[in-house]
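Undergrad: Model the structure of this input:
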Amino acid sequence: MAADVTDASHTTLLLVDDDADVLTGLRRALSRDCYRIIETSNALDAIDVLSTTDVDVIIAHDVVIFVAEQFLGRERLRDQLRPDSS
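TA: Residues are numbered from 1 along each chain as shown. Purely as a prediction, here's the structure:
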């Protein structure tokens, strides 16, 4: 069963940005609502997190996703994020 994203205490957020100040600001703003927050500074680490952790919401800077697509290729990235979509 999917998590109820309206219930912050049971919602896991993955923050992905290569700028530590952005991550700090997001964490401070979002931690007030008791979200479970996981931070990574790059797309490859984010993929590792997604392979082992159920995440409800991903907040990522578009450059990070672009780099991951270029490195892994769109199909491989899609397969990593959604293994049952093929």
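Undergrad: Pull up the gap between residue 43 and residue 34, please.
TA: 27 Å (C-beta to C-beta, to the nearest Å). Just so you know, the C-beta spots here come from the backbone N, C-alpha and C atoms, and that holds for glycine as well.
Undergrad: What's the local residue count around the nearest residue to residue 22 once chain neighbours are set aside?
TA: In this structure, residue 22 finds its nearest non-sequential neighbour in residue 61, 7.3 Å apart by C-beta to C-beta, 6 or more residues apart in numbering. By other C-beta atoms under 10 Å, the residues close to residue 61 number 16.
Undergrad: Likewise for residue 11?
TA: 19.
Undergrad: Hmm, residue 35 and it touching each other?
TA: Yes - Residue 11 is in contact with residue 35 according to C-beta atoms under 8 Å; the separation is 5.3 Å.
Undergrad: least trustworthy helix or strand in this structure by mean pLDDT?
TA: Of all helical and strand segments in the chain, the minimum by mean pLDDT, DSSP states H and E falls on helix 62-72, at a mean of 61.
Undergrad: where are the low-confidence patches of the protein?
TA: For the chain, applying pLDDT under 70 flags the ranges 1-9, 62-86.
Undergrad: Many thanks, I have nothing further to ask.
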